[in-house]
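>>> A structural model of the following input is requested.
(chains A, B and C)
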Amino acid sequence: MEPLMAVLVGITFATAVYMMLRRSIVKLIIGLTLLSNAANLLFFTASGLTRGAPPIIPEGAEQPAGAVADPLPQALILTAIVISFGVLAFALVLIRKAYQVVQADDLDQMKDTDT
Amino acid sequence: MMQPGSLILSTMTRLLLPLQLLFSVFMLLRGHDLPGGGFIAGLVASAGFILYLFAFGVAATQALLRIDPREIAGAGLTLAVLSALPALLYGDPVFTAQWWHPSLPLIGEIKLSSPLLFDIGVYLTVIGSMLTIVISLAEAEE
Amino acid sequence: MLAAVLSGFCLAALVPWLQPRLGARAGWLFALLPAGLTAYFATFLPAVAAGETFRVSYPWVPGLDLELAFYLDGLALLFALLISGIGALVTLYASDYLAGDARQPRFYVLILAFMASMLGLVLSDNLIALFIFWELTSITSYLLIGYDHEAAFARRAALQGLVVTVGGGLALLAGFLLLGTVGGSYTLTELLQHGEAIRAHDYYLPLLLLVLAGAFTKSAQVPFHFWLPNAMAAPTPVSAYLHSATMVKAGVYLLARLHPALGGTEAWILLCSLFGGVTMLTGAYLAVRSTGIKWVLAYSTVMALGTLTMLAGIGTEKAMIAFGAFLLGHSLYKGALFLVAGALDHEAGTKDILEMGGLRRAMPITAVLAAVSALSLAGLPPLFGFIGKELMLGAVLNAPFLAPLLTAMAVATGALVVAAAGAVAVRPFFGPPARTPKTPHEAPWGMLAGPALLSALSLLFGLAPGLPGEGLISATAASLAGEPVHAHLALWHGLNLPLALSALAVAAGVLLYSQWGRVRGAMNRLEALDARGPEAGYERLMAATTRLAERLTRILQNGYLRSYITTTVLTLVGLVGYTLLTRYEGGFAGGLDVRFYEWVIAGLLVAAALFACSTRSRLGAVASVGVVGFAVALFFILFSAPDLSITQILVETLTVILLVLVLFKLPDFMSFSTPRQRLRDGAVAGLLGVLVTALLLIAVHYQFAEPISAYHLAKSVPLAHGHNVVNVIIVDYRALDTLGEIFVVALAAIGVYAMIKYPGGPGHRTDEDESAV
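Presented below is the predicted three-dimensional model:
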């Protein structure tokens, strides 16, 4: 399964970067959303994929029964998902603000406004 | 879209919100042993309030919340930081988990721990942050 | 001893709070600390004179084997006494000199912090700690030179001093690291024991050059001498303290301190004595050329620093004794003369010697003090300066290399210095009366106490040279030699060659002074050479750096997001891809065990991602991004991550809500690019995709270390009483990490709130906006 996932991650990264290379600010947001999904999936796959064995120890047991999925990347990704939402919201509002001030959808027209 | 008033939505919401909040607390408390925890529970609760926001508008949601969501986030962060401190009382490094098993009359022994306090802090922070973002945006668009 | 060093910092921190409560006389109280430190260090005198040394150490960063160690021997004690003693006088002096200046508290803060840093520097037994104190003195010096921060020349001078000394400090750090590696320790006292091994090491020469670069820049040796006269932009007490008595001597201190470890080789002797000799002569020459009283003194300080470097270079026993005597003598008379110059400036209102004359009537005490110290500067008996100079001439005559050259330079220097001393002390007080900008009167006694004490010591030590000689000077020379030295200092050594040379120099000097105007005229004709001098070089270097920075900024920070992304991606792909193609010989993950429904989800994900890229509809893009997110959530649940899956679904819902709320207030998708650009961007994105895929295949193929999660799984129930290991990691094992993350979430929310609530931007500024900041 990992090779397929690697290709999926590669494609998601490529689409994310492609969108971020556009001049339209709205496309930048779409690119950011794709990028955070790609990054989470990358991390998830890199630690190895396990079917049907969540890292939950059965009631009454001290140790997991048999091999289970690696819990550490899951913990890191879980917080990353929430943070990327926060960052996305921030970027979105920043762009909304920039659009209100500059009245331009073109990133190239925005570049000289910070002086 | 932000016009409150759809009868089905508002009726549903009235029924759903208490259930969602109850469910979020359930997710929070069981999180240590089964899927759930502060982040998920916080998101569930936020989703409930956001649904309410769509049904009844910003003013009604703020009235329902009573306190500013930023204060919820602040309280959550404070609680999370405070949960690091009990370890110091017992001479352990900061953030070392502490467990207490006080027994209450009628209820019996309960499990209380500093990680649980921390998770409640996470829960409140997530609710506060999500609601701050969505409510201020909705307010701006109205 | 730790308390002695730290007390200065502590008091400095308290000054802003104390000053308003103590009022105008605060300086007197602040002076008590350095005075007390002087007394404290003085108690060590008998023991150190008897050859004892003291060492104390406190663990600092035990994990890095870093300790805060202090070492007190003759050299350190001599410096410590000068630092705290002159520090006390200068603090006292400043309470009158800067009376009524609103920035006075800042002065006290900096001067006390400087004193503490300088004490730390000379007492440190650890190279790293020494370096930190070394840089602290550079920084406090920068702030003190720029004390008058509203004057452009002061800021420029401050920056110049900082760039030169900190630039040298960088070299010094590299030198220290090499020294620590070569010598096997960062503890000075241990390094001093292993001198032979260090000198025989292959890295000896590079490390010597680096250390010398640090010492020479700090001690204003040619060609780095130019920053010191410019540093005269500082208030005069600062010049007296930092830029003559203490900080500039840090470089010389370092040479003396490291002499047992690094000294005695041909490279050391030649480099130090040549640079020192040239600096000595240059300083004396430029002193005679100047007419600003502080500049004359500054250049004569350069002269003294050159002399000390030269003596440290020569390294014979005579030279070491001369080093100690000359160092002490110079600090006494130069400190006094600077304070006198400050008094002249304060009471007569000018710093230009040509505007002064006949001030002995208005300022009789100052005149006497100036005369005594200037005699010491000129090297005339019966003052201590004479003894230092005689010893120096004796050492130069017996130098192991280049003795005739060094002797000639020393005699010429002697003559020039006599002329400079005349310019400083004879002309303003005894010359023809001149109208000064202010009606002159005697300085207040707080400003007289310092020069009076220093001049008295010059005279006392001259008349009774055994007083410092038997104890402190011998102990200082012993620190340089690394073995006991017994110095016998006397005013009269009989008729010998040094005395004859001295007489020659004095006669020539008196002649020079009598023709001062004409001499300066001749010298000024050579001023055109300055345009090719080191200071002009410094200016050109700085201008070129600025130009380079501007050009680089224009290229790199051009304001186009896509150019940043393209550059980053191509660099990444180029470097990593090249390494992969040329070096990588391992395998990639294989095994395509894919279930049918997984193919379906994968196909859905790819289709949605590609559709998001190509659609012209915002709603379509938002919807397809949502599909991507839900596909990811499905993968999470299929591959044993229920928590992730729930989180992902909830966040994905919120994301869509957010996008719907905002995105439709924004303009439609626009296409600004040509097909050619789209092809190019597609290629860049595709390259990244291929690289990520390849890296991921490798990452899955290898496992370099046992995952730490094995521990997490094993201990989750017994230790953390939790069955959901993911949650246990979040709230227990890695709680601190999570705390940071929820802070980020809250900050993002606050950021969103602030941006929405406070209107801003050009044309939108309101009062509310101002108060929000």
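
>>> from here on, contacts and neighbour counts on C-alpha atoms
Noted.

>>> Which stretches in chain C count as strands?
Secondary structure of chain C (DSSP state E): strands located at C:54-61, C:66-72.

>>> which parts of chain A sit against chain B?
Those residues of chain A that sit near chain B, judged by Cα under 8 Å from any Cα of the partner chain, are A:56-57, A:79, A:82, A:86, A:89.

>>> related to what we said a few turns ago, deepest-packed of the strands of chain C, please.
Of the strands of chain C, the one with the most neighbours on average (mean count of other Cα atoms under 10 Å in any protein chain shown) is strand C:66-72, at a mean of 21.

>>> which helices and strands does it pack with?
For strand C:66-72, the elements it packs on are strand C:54-61, helix C:104-123, judged by 3 or more Cα pairs under 8 Å, 6 or more residues apart in numbering or on different chains; DSSP states H and E.

>>> List the residues that contact residue C:626.
Residue C:626 is in contact with C:652-653, C:656, counting by Cα atoms under 8 Å, 6 or more residues apart in numbering or on different chains.

>>> give me that answer again for 10 Å
Going by Cα atoms under 10 Å, 6 or more residues apart in numbering or on different chains, residue C:626 touches A:33-34, C:605, C:608-609, C:612, C:620, C:632, C:649, C:652-653, C:655-656.

>>> ditto for residue A:64
Shown in contact with residue A:64 (Cα under 10 Å, 6+ apart): A:53-58, C:713-714, C:716-717, C:723, C:725.

>>> and the residues you listed, which two are the farthest apart?
Spatial extent of these (Cα to Cα) is set by the pair A:53 and C:717 at 17.2 Å.

>>> More neighbours: the two, which one.
Using other Cα atoms under 10 Å in any protein chain shown, the more surrounded residue of residue A:53 and residue C:717 is residue C:717, with 23 against 19.

>>> Could you tell me how far the more buried one is located from chain B?
Separation of residue C:717 from chain B (Cα to the nearest Cα, to the nearest Å): 9 Å.

>>> just residue C:723 next, same as before
4 Å.

>>> quick revisit: dump the strands of chain C to CSV, plus mean pLDDT.
Compiled in CSV, those are given as follows (pLDDT from 0 to 100):
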stretch, mean pLDDT
strand C:54-61, 84
strand C:66-72, 86
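
>>> Residue C:134 is nearest to which of the ones you listed?
strand C:66-72 (14.4 Å).

>>> Can you tell me the centre-most residue of chain A?
For chain A, the residue nearest the mean C-alpha position is residue A:36 (1.2 Å; Cα atoms, centre = their mean).

>>> Give me the pLDDT for residue 80.
Using chain A here. We have a pLDDT of 93 for residue A:80.

>>> my bad, the chain I had in mind was chain B
Predicted confidence (pLDDT) for residue B:80: 94.

>>> what residues are up against it?
Taking Cα under 10 Å, 6+ apart, we find residue B:80 in contact with B:74, B:95, B:114-125, C:731, C:735-736, C:738-739, C:742.

>>> Can you name the element that comes right after the host helix or strand of it?
Secondary structure assigned from DSSP states H and E places residue B:80 in helix B:69-82. Downstream of helix B:69-82, the first helix or strand assigned by DSSP H and E is helix B:86-89.

>>> So for that next one, mean pLDDT?
For helix B:86-89, mean pLDDT rounds to 86.

>>> Now do the helix or strand hosting residue A:45: which elements does it pack against?
Assigned by DSSP H and E, residue A:45 belongs to helix A:25-46. Contacting helix A:25-46 under the criterion 3 or more Cα pairs under 10 Å, 6 or more residues apart in numbering or on different chains; DSSP states H and E are the following elements: helix A:2-20, helix A:71-102, helix A:107-110, helix C:596-614, helix C:618-638, helix C:642-663, helix C:675-701.

>>> that older thread, between the helices and strands packed on strand C:66-72, which gets nearest to residue C:532?
Among those, the nearest to residue C:532 by Cα to Cα is helix C:104-123 (34.2 Å).

>>> if I look at the closest residue to residue A:93 other than its chain neighbours, how far off is residue A:37?
Leaving aside its sequence neighbours, residue A:93 sits nearest to residue C:752 (Cα to Cα, 6 or more residues apart in numbering or on different chains; 6.2 Å). Distance, residue C:752 to residue A:37, using Cα to Cα, to the nearest Å: 22 Å.

>>> Please apply the same query to residue C:98.
Distance from residue C:98 to residue A:37, by Cα to Cα: 64 Å.

>>> Settle it for me: which of the two has more neighbours?
residue A:37 (23 against 18).

>>> residues touching residue 17, list them.
Let's take chain A. Neighbour list for residue A:17: A:11, A:28, A:31-32, A:34-35, C:562, C:565-566, C:569, C:681-682, C:684-686, C:688-689 [criterion: Cα under 10 Å, 6+ apart].

>>> you looked at the wrong chain, it should be chain C
residue C:105.

>>> For it, give me the pLDDT.
With respect to pLDDT, residue C:17 scores 86.

>>> ditto for residue A:54
pLDDT, the model's per-residue confidence, is 89 for residue A:54.

>>> Same check on residue C:633?
So residue C:633 comes in at 95 (pLDDT).

>>> distance of the residue nearest to it when sequence neighbours are not counted from residue C:456?
Nearest-residue entry for residue C:633: residue C:645, 4.6 Å, with adjacent residues in sequence omitted and distances by Cα to Cα, 6+ apart. Distance, residue C:645 to residue C:456, using Cα to Cα: 85 Å.

>>> quick one: which of those two has more around it?
With neighbours defined as other Cα under 10 Å, residue C:645 and residue C:456 compare such that residue C:645 has more, 25 against 19.
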